[in-house]
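**Q** Need coordinates for the following:
(chains A and B)
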Amino acid sequence: MKKIKFSSVYLVLVFIILYIPIFYLIFYSFNQGGNMNHFTGFTWAHYQELFSDKRMLVIVLDTFLIAILSSLFATMIGTFGALGIAGRKSQRTKSALLTLNNVLMVSPDVIIGASFLILFSALGIGLGFGSVLLSHIAFSIPIVVLLVLPKVNELDPALLNAAQDLGATNWQTFSRVIVPYITPGIFSGFFMAFTYSLDDFAVTFFVTGNGFTTLSVEIYSRARQGISLEINALSAVMFLFSLLLVVGYYFVNQYSHSRRQKQRRHAKNEVTLL
Amino acid sequence: MKQTKRFFMIPYFIWIGLFVVAPLLLILYQSLTNNQHQFTFQNYVTYGTSSTYLHMSLNSLWYAFLITVITLLISYPAAYFLSKLKHQQLWLLLIILPTWINLLLKAYAFIGLLSRTGSVNSFLTFVGIGPQQLLFSDGSFLLVATYIEIPFMILPIYNAIVELNPALINASRDLGATNWQTFRRVIFPLTISGVKAGVQAVFIPSLSLFMLTRLIGGNRVITLGTAIEEHFMTTMNWGMGSTIGVVLIVMMFIIMALTNDRRKKRRELNDDEEN
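**A** Numbers count the residues shown, from 1 in each chain, chains lettered A, B, ... in the order given. Okay, here's the model as predicted:
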């Protein structure tokens, strides 16, 4: 009994440590005083300041545009990549492709950023929206592949054979059998790519140039100048947004999970009926 | 079927060529040239003979090691206790949630917490220790880096613990092993793959956290990442920056080789079984 208590205390401590900085930021975003030390009174002023800050608004929109576009492209390319890798017959080709796929997963951000910077300058691509978008697509593809691949591997070849025996065209097999089956993987891939893009600082920092900024880079340059409670307000908004994303992701997962279980139960019932 | 599949895979192969292989080759090429685009080993010679660079690299390794060890010590018990809870999915989400908060915002929070007039110092004054210089110190860098890496260590260890067959633990208990023996001889060896994955996920990024050394460490701690950023963005010496980058890549491969072998072997075993 005592042991369980110790473990709960330990976990509670870990959770407190994990969340203190975040709630600290949010708490002081309502502070009338201009700093994060003494809470002098409640105010929405920093939020008003944030929402009327045109420059910040543009940066937020740009960040989301990059995140959505890059995760869409990465999901498409990555899904086909996963299908292709799974379709390889030889184990050696498969693992070689997977190794190449994982290079960007394990490389430190700084290396990705620096090497992409060299790449863009070698190709003569100017730094800005385009280079940031390309980089985000590039570093999101491997995570999509890794999340879709297990689903593709689970796919029973008998299903594909059945579809083709029943006269489905390649396209029909693909759109009616393969895609519905791997959709949960595609969704998770899209989600992860999206959050990767929103979160990224280091790679963007290298390839962004002067004219274009994303939220992370903006926070970095403002944080270097010192504390401004507008950033606290921003972090509160972003925290709420992450919470929504996580909850949404959780329910999507739960939903597909329970639906699968229902289907399985359904199938079982049918079998027993037979 | 084959033809169309190949067609749809073209973008993926372009990606591999352009964004995986080419950047690696380019960074290697860049490290072997000077500012006049001439082939030279000068960068490596400079790196190998300069005590500043060598000292910086060792320092960076040492800090990454410290961060990894501290994170591991905190995370293993947390992951273990977590695996014993009800509603694990929910708790797991709560562990993951902070990783979805922008890293810069978390660093920014610590600037507030640790600053000279910040909350931690107020507390220290209240307790009677008096205000300390917390920000811009080695300790603050360690603290914030550990804080950021904890979830990345907990998750793989948790996954490994959940995969553990409870029958093995019961068997060990039935055979008279104490809790500590069970942990040392059964649980830990069987979850070492999770630990290795965690070490890999923490150690490599810890070598390159340049934003933290700038914002929290006040440039007192220089990691390999900081040096690369400095050479690429400030002094514009891409050759030297790439050289340090190659060093970082080599270290990355060493760490991966050290942390990967066991799992690979096991995967091969599994493949054999399937065949």
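
**Q** And the strands in the stretch 51-200 of chain B?
**A** Counting by DSSP state E, counting those that start in this stretch, the stretch 51-200 of chain B has no strands to list.

**Q** got the residues of it near chain A?
**A** Residues of the stretch 51-200 of chain B lying near chain A by CB under 8 Å from any CB of the partner chain: B:74, B:77-78, B:80-82, B:84-85, B:89, B:91, B:93-98, B:100-113, B:115, B:117-119, B:122, B:147, B:150-151, B:200. Glycine gets a C-beta too; all of them are placed from N, C-alpha and C.

**Q** What subset of those residues is buried?
**A** Buried members of those, scored by 16 or more other CB atoms under 10 Å in any protein chain shown, are B:74, B:77-78, B:80-82, B:91, B:93, B:95-98, B:100-113, B:115, B:118-119, B:147, B:150-151, B:200.

**Q** Look up which helix or strand residue A:78 falls in, please.
**A** Residue A:78 belongs to helix A:54-87 when assigned by DSSP states H and E.

**Q** just checking, next helix/strand downstream of that helix?
**A** helix A:91-106.

**Q** Hey, what's the angle from the helix or strand following that next one to helix A:91-106? Just curious.
**A** Next in sequence after helix A:91-106, counting helices and strands by DSSP H and E, comes helix A:109-123. Interaxial angle of helix A:109-123 relative to helix A:91-106 (axes from the mean of the first three to the mean of the last three CA atoms, to 10 degrees): 100 degrees.

**Q** Flag every buried residue along helix A:109-123.
**A** Quick answer for helix A:109-123 (16+ other CB under 10 Å): A:109-121.

**Q** ditto for stretch B:207-219
**A** Buried residues in stretch B:207-219 (16+ other CB under 10 Å): B:207-217.

**Q** How about it and chain A, touching?
**A** Yes. For stretch B:207-219 and chain A, the contact criterion (CB under 8 Å from any CB) is met by B:207-208, B:210-211, B:214-215.

**Q** So what touches stretch B:158-167?
**A** With CB atoms under 8 Å, 6 or more residues apart in numbering or on different chains as the test, stretch B:158-167 has contacts from B:79-80, B:82-83, B:88, B:92, B:95, B:187, B:190-195, B:197.

**Q** can I have that stretch written out in PDB, keeping just the CAs?
**A** Output in PDB follows, covering the C-alpha atoms of stretch B:158-167 (Å, rounded to 0.1, in the frame of the first residue of the first chain):
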ATOM      1  CA  TYR B 158       6.800   3.300 -21.000                       C
ATOM      2  CA  ASN B 159       6.200   1.500 -24.300                       C
ATOM      3  CA  ALA B 160       8.900  -1.100 -23.500                       C
ATOM      4  CA  ILE B 161       7.400  -1.600 -20.000                       C
ATOM      5  CA  VAL B 162       3.900  -2.100 -21.300                       C
ATOM      6  CA  GLU B 163       5.200  -4.700 -23.800                       C
ATOM      7  CA  LEU B 164       6.700  -6.600 -20.900                       C
ATOM      8  CA  ASN B 165       4.900  -9.900 -20.300                       C
ATOM      9  CA  PRO B 166       3.500  -9.700 -16.700                       C
ATOM     10  CA  ALA B 167       3.800 -13.500 -16.500                       C
END
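
**Q** Let's test this: mean pLDDT of that stretch, rounded?
**A** Taken as a whole, stretch B:158-167 has an average pLDDT of 90.

**Q** That one: which residues count as buried?
**A** The neighbour-count check on stretch B:158-167 (16+ other CB under 10 Å) flags B:158-161 as buried.

**Q** now stretch A:152-161
**A** Going by 16+ other CB under 10 Å, stretch A:152-161 has these buried residues: A:152, A:160.

**Q** wait, does it contact chain B?
**A** No. Contact of stretch A:152-161 with chain B is not found when judged by CB under 8 Å from any CB; the minimum separation is 9.7 Å.

**Q** pLDDT averaged over that stretch - what is it?
**A** For stretch A:152-161, mean pLDDT is 87.

**Q** ok now it, how far from the chain's centre?
**A** With CA atoms, centre = their mean, to the nearest Å as the basis, stretch A:152-161 stands 27 Å off its chain's centre.

**Q** before we move on, back to that, among the residues of the stretch 51-200 of chain B next to chain A, which are in helices?
**A** The helices, defined by DSSP state H, take in B:74, B:77-78, B:80-82, B:89, B:91, B:93-98, B:100, B:103-113, B:119, B:122, B:147, B:150-151, B:200 from those.

**Q** any idea how far chain B is from residue A:154?
**A** Computed as CB to the nearest CB, to the nearest Å, the residue A:154 to chain B distance reads 14 Å.

**Q** From residue B:196, how far out is that residue?
**A** Applying CB to CB, to the nearest Å, the value for residue A:154 to residue B:196 is 26 Å.

**Q** pull the helix or strand with minimum mean pLDDT from the chain.
**A** Let's take chain A. helix A:229-273 (a mean of 74; mean pLDDT, DSSP states H and E).

**Q** that answer is for a different chain, and I need it for chain B
**A** When the helices and strands of chain B are scored by mean pLDDT, DSSP H and E, helix B:238-274 comes last with a mean of 73.

**Q** Can you get me a residue count around residue A:45?
**A** When counting by other CB atoms under 10 Å in any protein chain shown, one arrives at 15 neighbours for residue A:45.

**Q** so who does residue A:51 touch?
**A** Taking CB under 8 Å, 6+ apart as the contact definition, residue A:51 lies against residue A:57.

**Q** Export stretch A:182-195 to PDB, keeping only CA atoms.
**A** Extracted C-alpha coordinates of stretch A:182-195, given in PDB (Å, rounded to 0.1, in the frame of the first residue of the first chain):
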ATOM      1  CA  ILE A 182      -4.800   2.700 -43.700                       C
ATOM      2  CA  THR A 183      -6.800   5.900 -43.000                       C
ATOM      3  CA  PRO A 184      -6.100   5.900 -39.300                       C
ATOM      4  CA  GLY A 185      -2.400   5.900 -40.100                       C
ATOM      5  CA  ILE A 186      -2.800   8.600 -42.600                       C
ATOM      6  CA  PHE A 187      -4.600  10.700 -40.100                       C
ATOM      7  CA  SER A 188      -2.000  10.200 -37.400                       C
ATOM      8  CA  GLY A 189       0.700  11.100 -40.000                       C
ATOM      9  CA  PHE A 190      -1.100  14.300 -41.000                       C
ATOM     10  CA  PHE A 191      -1.500  15.200 -37.300                       C
ATOM     11  CA  MET A 192       2.100  14.600 -36.500                       C
ATOM     12  CA  ALA A 193       3.300  16.400 -39.600                       C
ATOM     13  CA  PHE A 194       1.100  19.400 -38.600                       C
ATOM     14  CA  THR A 195       2.500  19.600 -35.100                       C
END
